Each structure stands twice: as C-alpha cells, then as structure tokens.
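A.B. asks: Sequence and predicted structure below; questions after.
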Amino acid sequence: MHPRAGPVTTTSATAPATTERRWRSLVTIYRATGRTAVLQAIQYRVPLFLMMAALLTEPVVYLVVWRSVARESGGSVDGFTEGRFAAYYIVWTFVRQTSQFGTGMGWEQLIRSGDLNKWLLRPMHPIHDQLAGSPAFSLVQIFLWVPIGVPLVLFFRPDMHTTPLQMVAFPLTILMALVIGVLTNAIIGFTAFWLTRIRAIVNVVWTMSLLLSGRLVPVELLPSWARAISSVLWFRWIMDFPITTLIGPTSGRDILIGLGMQALWIGLATLGVRTIWRRGVRRFGAVGG
Amino acid sequence: MPPATTSPTITVDNLSKQFKVPVREEGLKASIRSLVRREHRAVDAVAGVSFAIEPGEVVGFLGPNGAGKTTTLKMLSGLLNPSGGHARVLGFEPFERNRDFLRSITLVMGNRSQLEWDLPALDSFELIRAIYGMSRADAEHTRNELIELLELGPLLDKPVRNLSLGERMKMEVALSLQHRPQVLFLDEPTLGLDVTMQRRIRTFLADHNARTGATVLLTSHYMADVEALCKRVIVIHHGQLLFDGKLSALGSEFAAHKTVTIEFADGDAVRHDVLARIASAAPASEVVTTTESSISVRVPRNDVPRVATLALDALEVLDLSIEDPPIEDIIEQVFNAERA
C-alpha cells in the first residue's frame, strides 16, 4: 500500500504489489502484451508482407549503386568488395525489419488525440507495451523476411565472415538495438507533451539516422568526423553495429565494446524516458472524452 | 458488500483545473502575428469544487457540456494533474498514479475504448487480466459472470471492429469491471445507445452496485440513467458546484413551478370559471392541458397551496395531484438560470 494511502480496506481482485510480485507481474504483462502484438501482426499478414516487400526497394537501390561504385573503383571501396556490400545490405534488411519500428509519431498521436488516457488508466507504464510488443512483432517479421531474404542471398552472393561467437552475439545486438530504438523514439515522442506537433523533430532525427546509423552508407565508409559522431551518439549502435557483428570480420573485443555502448545507451535513454515522462505527463491535457 | 472503511471513498476539497488555451483572431494577419507572439487565455475548467462520496454510493454528476464534469473525473482517475486543491480516492492521491490505486478504479468513457480494435474481445480480456495481475481462475470467474449478465457470449470471438456500438459499449463495461474495481467513474456510459441497450446497461450497473458495493460517480446526459441509478446528484456549471444533495431535493431547490392536475365531476361549465379563478389567484400560472373533466396547470411554487385550496373549494374534485416538473426540465432551468 502506498505510504500516503488512507485507512481503506481493499476488496478488489488485485492485491498490493511487493517488489517480487511486481517483477512477476511484469513478466506476465510482457508475455500477454507480446502475445497481443503477435496476434495483431498476424491479423494483417498480407499487408504486412506487401509492406515488407515494398521496403526492400531502399536497400536494393543502395546495394546496386554501391556494387557499381565498387566495380568502377577496381573491385572495392575502402576494402568493401561487391560481396561485402551484398552482405551488408542483405543483413541491413533483416536488422531494419526486426529492430527499427516507429519514429515517435505514434506517441505524438496518442498525446495529441488524448488516446494516451487509455494507457494512463492501466497500472503499468505505457513504454512496457512497446518494449514487450516490439520483440514479439520482430518474431513475426523474421518469418516474413525469409522468403525475401533468401532470393537476395542467392542473387547477390554475399561475402560473410561469420564465427559462432558472432552468430551468438547477433540476436543480442538486435534486441539491444530494438530497445534503444523504442526508448529514443519515446523520448522524441514525449516532446509532444510540450510541442503537440513533432514532425519536424522526427524528420531531423530520421535524417541524422539515415546518414549516421549506417543506413545509407556503412559507417566504415563515412568521413572520420561523421564516424566519430555516429559512435558517440546511439545511431551506429542500432544499425551498423548489429550488421557488422554478423557479417564480420570483427573481434570479440569489438563486439564487447559495441554491446557496452548499446547498454550505455539503454541506460541513458531509460533515464531520459523516466525524467521526460514524469515532467511531460504533468502537462498532459487528457483531451477528448 | 461495501468495503469496510471509516472514511469517504472520494474526498474532493477545493479542486480546480485551469487550462492555458492559445487564442488568436481570425485571418492571415493574426495568424502571422501569432507566429511571433502567441497569446494565451486561462480557462477555469474546474474552479474550487468540494464534495465527499461515501463507500457504495452511486452519485450522478450533472452539468451541461463544458461544465467540468469530465475534467473532474479525469482528475479523480489520475489522468489530469489538478491546478489546485486536493482529491483523495480510496486514500490515494489520484495523480500520483500509484499502481494499487489504478488497480482499484476504472474509468469508462463512452467514446474511448480499452478494447483492442482488431482482435476478438476475449484477447482484450486476457491482456487486461495480465496487466491487472489477476489469477486466471479469478479473472475467468468474474469474466463469466459479466458475460452472462450482459449477454455477451456470442460476441466474444468477433473482432471488436465488427461489433455494433451498443455491443462494443457493453463489452467495454464488462472489460472495465473484470478487475473488480472498488470505484467506478462512468462518463456517459450509455452515449449513443438505443433505449433498450441503455436500459440494459442501467439495470446491470444498479445490480453490480448492489452486489459489489462499488462506489460509482456517473455523468450522463440521459436523465433516465440518473433517475434509475442515483439517489444523490452533484450539479456543476462553469466549473463550480451548484447543488449537492438528494435527487428528490433537486426539484424543491431549483424548480420554480409545479404542475397541478385536477380531475373533477362538475363538467365543462365549471371549468372556465375555475380557470378564471386560478388566473386571478396565480397570475403567473400557465395552462398545460384541459379536457371536459380535467385541468393541468403549471403554477409558481409559492402559489401552489392557494390554487389547490381554490380547486378543492370550488369543485367536486375526483383527484388532485401536485408534481415537480421532469428532472430534465429542472436541470435545464438550473442551467438557464445560471446563464441568465
């Protein structure tokens, strides 16, 4: 019971939460929310598959352009061969589809329309819905990726240097990238508590991400100053790092540093989410209804 | 049974909420000016409201659109941070949004949904069960009870988007009660429903309150909801409390007129004479209806005894009734008087 609670006997079906109970209930919530996310994704599987196919245009364009550049430059660009570009952009499609969801606009919509009310009434922070739902959605995406990824592999013949350690680390890097994405999107989205419309901020961050995350150009090929910015901010760790972890060559030390940076960004973003949420929700107008 | 408690379930003390609303004049010039200098106006949505609600009470919260009803409910359910004053619900400060507090309340808004739109309602029940940390057996027991009472069985496996408005509202009510909240904030729970569905939800809510002893604060524009469920009403207007008391006392507080209906045996000849006498005894009275053997007159409250006595003296009265106007009319009078 809350320390400021009065002398009221509870008769509701849910008992006050202890720390252990809270963790157990969080696991139950994650399982149920994950299940709901999967059910929702499956509900619209055809549009989902078509959307995924459409999204392939972007990496295939990058891949074709970079392969041409490599060919024109005598077979490679700063060590990136045609086969390595193929590996990079094929794994790109997987990382993109399994760890990069949303932009913060979803939060804007919830805050602006007052639909956030629904989440505020529930005895859990709404970020848990995203943290639980996104990995579950990822699992569905993996199944949908296979029929698209396999022909790409057969056609473009990627050159990969993958060790068992990299195979083990790769899913972890994806999961951590996903969490960073959810948290940073939430921070951007929460600015709607003050600004109401956040499209401009989302566009700026999206452009930065396009240039610095390894989405447009592998981070290795960026000028040194851009590489430095990409490494200090979270961008590199949500796209380029998972990709290079799988395609290699990379060392155990580099993987550890990368995972450490991901953990650091999860910590910082969690702090940001907590602080901005607490301040933002005080300003919330709960419009509608 | 109502929870054993020594204090009111809901205490509201001088509660207020002020919104800062951007304002600008119409036209391009004003629009450009507002880019540089934005002007705001403070709007008092709730301005110092105080009341207390005891455990198990069902209270109607009335007021015209924009009176501050929903804003108050949102403050009491922890959605809105009050600008001033205090509120306690079940001993909790709502805006702290303590998890135990949120597990003990529910807010049903006629046009907002906790249901997952694309999935069958059963999936929403399962999600809510997990979120509220209920055991499967407990949740199933409550859910089955609600499903039976609201006759929801055949609808459970349909995607929510395929349900009619009434079916969705019933489902929403059931979902909101699955965790067995002690306090129900109901904001227009019968909004947009047909008469049959309204009646069914009203009956269900009355029954639920009787069985569980839950405390209910209800807003509705349908006075039938209020009359069927609430012995007590709180009326607010412009964010301020106008009345807090028994529904039956609302008439004596605010109704300026009563309707006097007289049935008599004397026939048409006497009727004109009686009407003339009433007009002279109570000039502000208005004839509502007349037949050969009855008169129905709207009489100012203070003139009612005089008119009744006059009728009894002058006529061979078969029946005489004195009624407050319908509750809708009283509420309308309250709001109109306030506006004037």
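C.D. replies: Thanks, I have it.
A.B. asks: give the contact list for the residue nearest to B:Glu323 when sequence neighbours are not counted.
C.D. replies: Counting by Cβ to Cβ, 6 or more residues apart in numbering or on different chains, the nearest residue to B:Glu323 once its immediate chain neighbours are dropped is B:Thr259, at 4.9 Å. All C-beta atoms are positioned from the backbone trio N, CA, C, and that covers glycine. Taking Cβ atoms under 8 Å, 6 or more residues apart in numbering or on different chains, we find B:Thr259 in contact with B:288, B:296-299, B:322-325.
A.B. asks: List the buried residues in whichever strand or helix holds B:Thr259.
C.D. replies: Using DSSP states H and E, B:Thr259 sits within strand B:257-264. Residues of strand B:257-264 classed as buried under the neighbour-count rule (16 or more other Cβ atoms under 10 Å in any protein chain shown) are B:257-262, B:264.
A.B. asks: Stretch B:72-86 now?
C.D. replies: For stretch B:72-86, the neighbour count (16+ other Cβ under 10 Å) marks B:72-83, B:85 as buried.
A.B. asks: For the residue most central in space within chain B, give me phi and psi.
C.D. replies: Compute the mean C-alpha point of chain B, and by Cα atoms, centre = their mean the closest residue is B:Thr219, 3.0 Å away. Backbone dihedrals for B:Thr219, given as degrees, to the nearest 10, come out at phi -110, psi 140.
A.B. asks: cool, the one 3 residues further on as well?
C.D. replies: B:Tyr222 adopts backbone torsions of phi -90, psi 110, taken as degrees, to the nearest 10.
A.B. asks: now swap in B:Thr9 and tell me
C.D. replies: phi -70, psi -40.
A.B. asks: In this structure it contacts B:Val58, no?
C.D. replies: No: here B:Thr9 lies out of contact with B:Val58, judged by Cβ atoms under 8 Å, at a distance of 11.5 Å.
A.B. asks: who touches both of those two?
C.D. replies: Residues touching both B:Thr9 and B:Val58 (Cβ under 8 Å, 6+ apart): B:Thr215.
A.B. asks: what about the residue of the stretch 51-200 of chain A found nearest chain B, how many residues close to it?
C.D. replies: Closest contact between the stretch 51-200 of chain A and chain B, by Cβ to the nearest Cβ, is at A:Pro123 (4.0 Å). When neighbours are counted by other Cβ atoms under 10 Å in any protein chain shown, A:Pro123 registers 21.
A.B. asks: In terms of secondary structure, what does the lowest-mean-pLDDT helix or strand in chain A contact?
C.D. replies: The least trusted helix or strand in chain A, going by mean pLDDT, DSSP states H and E, turns out to be helix A:45-55, with a mean of 78. Applying 3 or more Cβ pairs under 8 Å, 6 or more residues apart in numbering or on different chains; DSSP states H and E, one finds that helix A:45-55 makes contact with helix A:82-99, helix A:127-156.
A.B. asks: In space, what's closest to B:Asp273 - neighbours in sequence excluded?
C.D. replies: Of all residues not flanking B:Asp273 in the chain, B:Ala314 sits nearest, at 7.2 Å (Cβ to Cβ, 6+ apart).
A.B. asks: swap in B:Pro120?
C.D. replies: Nearest non-adjacent residue to B:Pro120, counting by Cβ to Cβ, 6+ apart: B:Asp157, 4.8 Å away.
A.B. asks: Specify the local secondary structure of the one you found.
C.D. replies: coil (DSSP: H, G, I helix; E, B strand; the rest coil).
A.B. asks: now do the one 10 residues further on
C.D. replies: For B:Glu167, the assignment made with three-state DSSP gives helix.
A.B. asks: mind listing what B:Ile234 touches?
C.D. replies: Neighbouring residues of B:Ile234 by Cβ under 8 Å, 6+ apart: B:51, B:59-62, B:241, B:243-244.
A.B. asks: Just give me the closest of the buried residues of strand B:257-264 to chain A.
C.D. replies: B:His257 (35.4 Å).
A.B. asks: can you map out the helices along the chain?
C.D. replies: Defaulting to chain A. A:19-43, A:45-55, A:57-72, A:82-99, A:105-113, A:116-120, A:127-156, A:164-190, A:192-195, A:199-212, A:224-232, A:235-238, A:240-247, A:252-283 (DSSP state H).
A.B. asks: nope, chain B
C.D. replies: Under DSSP H, chain B gives helices at B:28-36, B:69-76, B:99-104, B:121-131, B:136-149, B:165-177, B:195-212, B:223-229, B:247-254, B:268-281, B:304-314, B:327-339.
A.B. asks: per-residue confidence at residue 271?
C.D. replies: In the absence of a named chain, chain A is used. The model reports A:Leu271 with a pLDDT of 98.
A.B. asks: Oops, wrong one, chain B.
C.D. replies: 76.
A.B. asks: What is the burial count for it?
C.D. replies: B:Arg271, neighbours per other Cβ under 10 Å, totals 19.
A.B. asks: Tell me where the model's unsure across the chain.
C.D. replies: You didn't say which chain, so I picked chain A. Per-residue confidence for chain A (pLDDT under 70) gives these ranges: A:1-17, A:288-289.
A.B. asks: that's the other chain; I wanted chain B
C.D. replies: In chain B (pLDDT under 70), the answer is B:1-6, B:110-112, B:266-269, B:337-340.
A.B. asks: In it, what residue comes closest to chain A?
C.D. replies: For chain B, Cβ to the nearest Cβ, closest residue to chain A: B:Gly91, 2.6 Å.
A.B. asks: ok, now which ones touch B:Val226?
C.D. replies: B:Val226 touches B:60, B:62, B:218, B:220, B:233, B:247, B:327, counting by Cβ under 8 Å, 6+ apart.
A.B. asks: and the two most separated of those?
C.D. replies: B:Leu218 and B:Ile327 (14.1 Å; Cβ to Cβ).
A.B. asks: what's around the residue lying closest to B:Ala228 once chain neighbours are set aside, how many residues?
C.D. replies: Nearest residue to B:Ala228, sequence neighbours excluded (Cβ to Cβ, 6+ apart): B:Arg202, at 4.6 Å. When neighbours are counted by other Cβ under 10 Å, B:Arg202 registers 21.
A.B. asks: Can you report how many residues lie near the residue nearest to B:Pro120?
C.D. replies: 10.
A.B. asks: what does the stretch 201-340 of chain B have sitting close to chain A?
C.D. replies: Within the stretch 201-340 of chain B, the positions adjacent to chain A are B:212-213 by Cβ under 8 Å from any Cβ of the partner chain.
A.B. asks: Try it again at 10 Å.
C.D. replies: B:212-214 (Cβ under 10 Å from any Cβ of the partner chain).
A.B. asks: now, which of those sits nearest A:Gly248?
C.D. replies: B:Ala214 (61.6 Å).
A.B. asks: Name all residues that make contact with the residue nearest to B:Asp273.
C.D. replies: Residues near B:Ala314 by Cβ atoms under 10 Å, 6 or more residues apart in numbering or on different chains: B:262, B:264, B:266, B:270, B:273-274, B:277-278.
A.B. asks: Any of those residues buried? List them.
C.D. replies: Among the contacts of B:Ala314, those scoring as buried are B:262, B:264, B:274, B:277-278 (criterion: 16+ other Cβ under 10 Å).
A.B. asks: Would you mind listing the buried residues in stretch A:196-213?
C.D. replies: A:198, A:201-202, A:205, A:209, A:211-213.
A.B. asks: whoops, stretch B:186-200 was the one
C.D. replies: Across stretch B:186-200, burial judged by 16+ other Cβ under 10 Å covers B:186-191, B:193, B:197-198, B:200.
A.B. asks: Equivalent analysis for stretch B:153-170, please.
C.D. replies: B:155-156, B:160, B:163, B:166-170.
A.B. asks: Buried subset of the residues of the stretch 201-340 of chain B next to chain A as a ChimeraX selection?
C.D. replies: To isolate the buried members of those in ChimeraX, using 16+ other Cβ under 10 Å:
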select /B:212,213,214
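A.B. asks: Redo the residues of the stretch 201-340 of chain B next to chain A as a markdown table? Include distance to A:Leu154.
C.D. replies: Putting those into a markdown table (distance: Cβ to Cβ, whole Å) gives the following:
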| residue | distance to A:Leu154 |
| --- | --- |
| B:Thr212 | 63 |
| B:Gly213 | 68 |
| B:Ala214 | 63 |
